[in-house]
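**Q** Sequence below, structure please.
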Amino acid sequence: MTTSESLLIAGGLVVDPQSGTADRKDLLIEGGTVVRIGAPGTLNITDAARYDGRDRLVLPGLVNAHTHGHANLVKGVAEAWTLEASLTNGPWLAGARDPEAMYLSTLLGALDMLSKGCTACFDLVYEFPRPTKEGLAAVAAAYADAGMRAVLAPMIADQSLFQSIPGLPDALPQDLRETVRKFDLASGEEIVASVETILAAQGELPGGVSVAIAPTIPHHCSERFLRDCMDVADRHRLPIHMHIAESRLQAVVARKLYGRSAVRHLADLGMLRPSFTAAHGVWLDDEDLDLLAAHGCSVAHIPASNYRLGSGIAHVRPMLARGINVGLATDGANSSDSLSMLQAMRLASFGARSFAGSRTDWLTSREVVRLATLGGAKILGLERCGRLEQGACADLVLFDLSHIDFIPDTDPVNQLVTCADSASITDVMVGGVFRLHDRKLVSVDTSDLRDRVRESARTLAASTRSARVLAERLEPHVVAFAESISSESLSIERRIVPRQG
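**A** As a prediction, this is how the structure comes out:
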């Protein structure tokens, strides 16, 4: 089906994320838009193709509010990694990629997400030593070929891990200390100039792809660099997306460097605004949440990665209670490792129950569905997506109500969160075009995908071998240092502390 054709999805059980209700309805899709909605049998359209939806649960396409397409070629690489271990391995995890490798890695992730019901994502794109027009164009082409919507944000910093954490270089053996002193990134001026080159070519991007900016972690960015990023964002009206208070170490380091939290530091710089997204937000305290709420910011909640890296459990209820928009996300395949929004929904639901207090503070299944649709769509700036109403984007995911996940169909919306996985998805549509149809990816030919990925992964492994060996030497020292200072006092705790004795 093309966007110019009409399609009637007849009698599907249609979920409205705003109200959380599910009702039998007919949907008429034209020009990539849901143009009419009516009770079953009331839309008497004779010239439209017909899809029998009586055995389908129809949901707006899931929206992934934070991922990293460059990480898909290293899926499954992490075992007992903390965030700091992952960052130590960053030079070989994300470096040495040419545009073809970036394209293939992104395409692999896009098809993974589509097969699991995700139709749009916010991708923080990393290139070393600086972002390039060619690299971002390759990423954009991969999403366009797969048929996904995407916001692409060059992920940038002007200070390395070892420059950004006070005392870390001194905790290394002498030979490694001398080595990391040579880890200089490109200068802030060079990086900003590269971003400007990318932005000058925005008009060449395919439809459905737009650009943002992602200064990666506050303390990896000098104050001047952050101000330059704000200037770029202001002039080009770009969203800003940052990793904020992801690990306990990050919360401690912010207070050492700034004498206050990272959120307060960014607020004082003028960086917080309605188009600002704080990713992870595990170690945010009440004052941080008040500041984010006051400035109309969003939070990307990423439970799989937070669990995987042992970062802690973000407390979502206080965010929602303050009116903060929260979107749901998977993170990249090096730390999730599945790009499954359905998995993220379940983990978000379960994680909310880890905090002491009344069960009224738990996230309901209806709320989780909103995080995965409307919340993410707002972060991406997709006002017509994440919803099912007249005039909405025809980005849809259809679940098989005859699948065992929905038998018996006691409460299909609840079962979306507690039971469903990708095996129950039959069709995924983006802009009125089927990208997954009858359980098969149809947007691109995947017959040689496995071989292409294997070859690219082999090439990547060979070119990054020395960087990986160095990271293996550095990692235990970095993790030990992180553990030593992470024990410093904070006003909140986001991990379960075993009782002593």
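
**Q** Pop out the phi and psi values for Val397.
**A** phi -130, psi 130 (degrees, to the nearest 10).

**Q** quick one, what contacts Arg255?
**A** Arg255 sits next to Ser261 when contact means CB atoms under 8 Å, 6 or more residues apart in numbering. No exception for glycine: its C-beta is placed from N, CA and C like everyone else's.

**Q** Quick check: it is in a helix.
**A** Yes. Assessed with DSSP: H, G, I helix; E, B strand; the rest coil, Arg255 lies in a helix.

**Q** measure it to Met271 for me?
**A** 18 Å (CB to CB, to the nearest Å).

**Q** same thing with Ser349?
**A** With CB to CB as the criterion, Ser349 and Met271 are 31 Å apart.

**Q** which helix is the longest one in the protein?
**A** As assigned by DSSP state H, the longest helix anywhere in the chain is helix 465-486.

**Q** how far is that one from where the chain is centred?
**A** 26 Å (CA atoms, centre = their mean, to the nearest Å).

**Q** Residues touching that helix, excluding its own?
**A** Helix 465-486 has contacts (CB under 8 Å, 6+ apart) with 82, 84-85, 87-89, 91-92, 95-96, 161, 165, 167-168, 171-173, 176, 179-180, 247-249, 252-253, 461.

**Q** Rounded mean pLDDT for that helix, please.
**A** For helix 465-486, mean pLDDT rounds to 92.

**Q** Also stretch 89-104?
**A** What stretch 89-104 shows for mean pLDDT is 87.

**Q** Ok, stretch 217-233 next?
**A** Averaged over stretch 217-233, pLDDT sits at 97.

**Q** May I see the buried residues of that stretch?
**A** By 16 or more other CB atoms under 10 Å, the buried positions in stretch 217-233 come out as 217-221, 225-226, 228-230, 232-233.

**Q** Turn those into TSV, including distance to Ser466 and secondary structure.
**A** Output for the buried residues of stretch 217-233, formatted as TSV (distance: CB to CB, whole Å; DSSP: H, G, I helix; E, B strand; the rest coil):
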residue	distance to Ser466	secondary structure
Ile217	25	coil
Pro218	30	helix
His219	27	helix
His220	23	helix
Cys221	27	coil
Phe225	28	helix
Leu226	32	helix
Asp228	32	helix
Cys229	31	helix
Met230	37	helix
Val232	34	helix
Ala233	36	helix
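
**Q** which one of the residues you listed is nearest Ala10?
**A** Using CB to CB, Ala233 comes nearest to Ala10 of those, at 44.9 Å.

**Q** looking at it, that closest one is touching Met242, isn't it?
**A** No. The pair Ala233 / Met242 is not scored as a contact, 11.2 Å apart, by CB atoms under 8 Å.

**Q** For Glu30, give me the backbone phi and psi.
**A** The phi/psi pair for Glu30 (degrees, to the nearest 10) is phi -140, psi 140.

**Q** if I look at it, how far off is Arg36?
**A** For Glu30 relative to Arg36 (CB to CB), the value is 9 Å.

**Q** Apart from its chain neighbours, what residue comes closest to Leu309?
**A** Here the nearest residue to Leu309 in space, its sequence neighbours aside, is Leu83; by CB to CB, 6 or more residues apart in numbering that works out to 4.7 Å.

**Q** Can you report how many residues lie near that neighbour?
**A** Counted with other CB atoms under 10 Å, the neighbours of Leu83 add up to 25.

**Q** Quick check: buried residues in stretch 94-102?
**A** Here stretch 94-102 shows 94-95, 97, 99, 101-102 as buried, counting by 16+ other CB under 10 Å.

**Q** same check, this time on stretch 133-152
**A** Buried, per 16+ other CB under 10 Å, within stretch 133-152: 133, 135-152.
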